[in-house]
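Chemist: coordinates only, no sequence provided:
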């Protein structure tokens, strides 16, 4: 089954798993999703992730993180969608909740947070916001 928006599917699966207080969520893997998971882990939004192969299909498993029974990710929303792409220069990158959250940006230098993109003075497509 092909998805028209695999990143949107990833976000929906994480939100749904957190609503049900699941410890882990599994989804089809891709290099792009793995990079997003790596950013979420480095920023402390998830505990860990791993990529495994099952019947010639790679599966990404995210281990969700909770604090006092509440999910660490309180808001996880898609910004740039397949129907409407949102691009920004390095100066125009948004600050998420006055710097408490992050925006994940796809730049010519790779996938990175808005903070790293500002440091490297590079803009790109705003994939999603996490808070």
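Modeler: Noted; the coordinates are in hand. Not measured: the values here are computed from a predicted model.

Chemist: identify the residues contacting the longest helix seen in the chain?
Modeler: Longest among the helix segments of the chain by residue count, using DSSP state H, is helix 6-19. Defining contact as CB atoms under 8 Å, 6 or more residues apart in numbering, one finds that helix 6-19 is touched by 3, 24-25, 27-28, 30, 32-33, 36, 62, 64, 71, 73, 76-78, 81, 127-128. Any C-beta I mention is one placed from the backbone N, CA and C, and that applies to glycine too.

Chemist: just the ones of these in strands?
Modeler: Counting by DSSP state E, the part of those found in strands is 24-25, 27-28, 62, 64, 71, 76-78, 127-128.

Chemist: looking at it, residue 57 is touching residue 28, isn't it?
Modeler: Yes. Look at residue 57 against residue 28 with CB atoms under 8 Å: they come within range, at 6.9 Å.

Chemist: where does the protein dip in pLDDT?
Modeler: In the prediction, the chain carries residues with pLDDT under 70 at positions 1-2.

Chemist: returning to that earlier point: list the buried residues in the longest helix of the chain.
Modeler: For helix 6-19, the neighbour count (16 or more other CB atoms under 10 Å) marks 6-7, 10-11, 13-15, 17-18 as buried.
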